[in-house]
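Undergrad: Okay, sequence plus prediction incoming.
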Amino acid sequence: MGRETAYFVVLRRPESFEPEKLAETLMSILPGTRLDIALRLRRSWGLLHSTPEIAEAEKVGEHVSRAGFETFILPASEMIQSPPPRILKKAVPGPEGLTFQEGEEPRRLPWNHVLILGCGQVIDTSRKKRRLIGEARVARTLATTGLSMVSAVRISHRRIKGKTVDEKLTGTGYCLDLVTDDRADGVRIAGEAFDYACLGERKGYGVLNNFRLLYRDIARHLPDVRRNQGARAMDSGDVMKSRYADMDKYTREIHWLRQLETRP
C-alpha cells in the first residue's frame, strides 16, 4: 500500500462538538489563535485536523482525547465519499419508506436503508449586476441651459447615464437529506421547489410551515437514525438553530457524520 495522502483526526461524538472548547484545547498543540481555530472548526465540523504524517495525527488525537473529546484517526483512503443526492420535487412518506417517481416507474427508499437524517435552513447568498438609472435632472439641466460641451464633459458620465453595480442577494433555502447505506441512493428535498401535495388538507401557503410538516412526517419513521444539528433543532422546535451560513457548511457536517457510521 502506498503512502496515505492525509490522516484525519475525527471527533467521534457529535454531542461533543463544542468549537470554543475544542479550539482552546487545540491551540496548545496547533498553530493559530483560538479564534482562528474555532472558525476553522465551524467549517470542518468534527474533522478536527488533517496531516500527511501519521505520527502528528496520533499526537493531536491523543492530546484532544486527554481533554475529554473522544477521537479516532481516519486515513484518507478509508474516508467515505457519498455520491451527490438525488433531488426530489415530489415524494410521499409512508409506513415502509419514501416513495417517489423516477421516469415512468415509482421507487421506494426503505426507512431501514437511511443512516443519517439531515435538515437545515441554508442561507443562500448570490450576486447579480444591476443597472442604476442616471440622474434625469442633470441631463435636463444640460439640455435647457445650453451648457457647452466642455462643461458637460466635466459632469460625471455616471450621473447622466447611470452605472452598473454588484448587488448582493440573500435568501433562505430549506434542505432535507436522507443519507443511505450502499444499497440505495441518497435523496434531498429542496423545500422551495417541492410539491407538498402529500400533506393533503394540511398543506398551507408558506414554504417553512409546509417544510416543517413534511420533516415531521418523515422524521417520525426514523426515531433512531443519526441526525445533524439542524434535524435535532427541528425535533426540539428551535427552528432558529437549524440555520447554516452556507451550503458548504451544511454538507460538510453530513460528510463528517457519514464517517462515524463505520465506527462502533
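TA: Sure thing, it's come through.

Undergrad: Could I get the full set of strands for the stretch 51-200 of the chain?
TA: 71-75, 86-88, 91-93, 97-102, 105-110, 114-132, 163-180, 187-190 (DSSP state E, counting those that start in this stretch).

Undergrad: Now do the fourth one: distance to the chain's middle.
TA: Yep, that's strand 97-102 we're talking about. Distance of strand 97-102 from its chain centroid, counting by CA atoms, centre = their mean, to the nearest Å, is 24 Å.

Undergrad: what angle separates that strand from strand 105-110?
TA: Computed by axes from the mean of the first three to the mean of the last three CA atoms, to 10 degrees, the angle separating strand 97-102 from strand 105-110 equals 150 degrees.

Undergrad: Can you mark which positions in strand 97-102 are buried?
TA: 97, 98, 100 (16 or more other CB atoms under 10 Å). Every C-beta, even on glycine, is put in place using the N, C-alpha and C of the backbone.

Undergrad: Check the average confidence over it, would you?
TA: On average, the pLDDT along strand 97-102 is 92.

Undergrad: Check the last one too.
TA: Per-residue pLDDT values across strand 187-190 average out to 96.

Undergrad: Which neighbouring elements make contact with the following helix or strand past that strand?
TA: As assigned by DSSP states H and E, the chain's next helix or strand after strand 187-190 is helix 207-219. Applying 3 or more CB pairs under 8 Å, 6 or more residues apart in numbering; DSSP states H and E, we find helix 207-219 packed against strand 91-93, strand 114-132, strand 163-180, helix 229-236.

Undergrad: how close does residue 225 sit to residue 235?
TA: To residue 235, residue 225 is 11 Å away according to CB to CB, to the nearest Å.

Undergrad: How about residue 183?
TA: Residue 183 is 26 Å from residue 235, by CB to CB.

Undergrad: Comparing those two, which residue is more hemmed in?
TA: Here residue 183 and residue 235 are compared on neighbour count by other CB atoms under 10 Å; more neighbours surround residue 235, at 16 against 8.

Undergrad: Would you mind confirming that the more buried one is in contact with residue 219?
TA: Yes. If you go by CB atoms under 8 Å, residue 235 and residue 219 touch, sitting 6.7 Å apart.

Undergrad: For residue 8, state which of the buried residues of strand 97-102 is nearest.
TA: For the buried residues of strand 97-102, the residue nearest residue 8 by CB to CB is residue 98; the value is 31.5 Å.

Undergrad: Just the pLDDT for residue 171.
TA: The model's pLDDT for residue 171 equals 69.

Undergrad: same question but for residue 3, I mixed them up
TA: The model reports residue 3 with a pLDDT of 74.

Undergrad: Looks to me like it is in a helix.
TA: No. Counting by DSSP: H, G, I helix; E, B strand; the rest coil, residue 3 is located in no helix; its state is coil.

Undergrad: show me what contacts residue 245?
TA: residue 123 (CB atoms under 8 Å, 6 or more residues apart in numbering).
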